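Participant: A structural model of the following input is requested.
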Amino acid sequence: MERLNSKLYLQNCYIIQENERLRKKAQLLNQENQALLSELKQKLTKANPKPNPNTIPDLNLCSTSTSNPTNSSKP
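Facilitator: Residues are numbered from 1 along each chain as shown. Model (predicted):
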């Protein structure tokens, strides 16, 4: 029983480390996505100096990343 608990403990530690690594990667990808989105919006604004709200799509609707990746973990 003690050996099983030790094995499960080590697996849990590994999962926690992997989860943290993935969380950091998700945060970096989200930051990169936001920077690219901002750059794209600036380019669209420069290409169309008098923007018509009906012609420029809301690019935030395409964003699938969350600002809080901890809420997306599975039980």
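Participant: so where is this structure shaky, pLDDT-wise?
Facilitator: The model of the chain has pLDDT under 70 over residues 50-75.
Participant: let's go with 80 and repeat that
Facilitator: Counting by pLDDT under 80, the chain has low-confidence residues at 49-75.
Participant: could you pull out the helices for it?
Facilitator: 2-47 (DSSP state H).
Participant: Run a quick neighbour tally on residue 25.
Facilitator: 11 (other CB atoms under 10 Å). (Glycine included, C-beta is placed from N, CA and C.)
Participant: Let the chain start at 21 from now.
Facilitator: Shifting the count to begin at 21 puts that one at residue 45.
Participant: Residue 55 versus that one, what's the distance?
Facilitator: The spacing between residue 45 and residue 55, counted by CB to CB, to the nearest Å, is 16 Å.
Participant: cool, and residue 22?
Facilitator: In this structure, residue 22 and residue 55 are 50 Å apart, going by CB to CB.
Participant: Give the residue from these two that has the larger number of neighbours.
Facilitator: Neighbours were counted for residue 22 and for residue 55 using other CB under 10 Å; residue 55 has more, 10 against 6.
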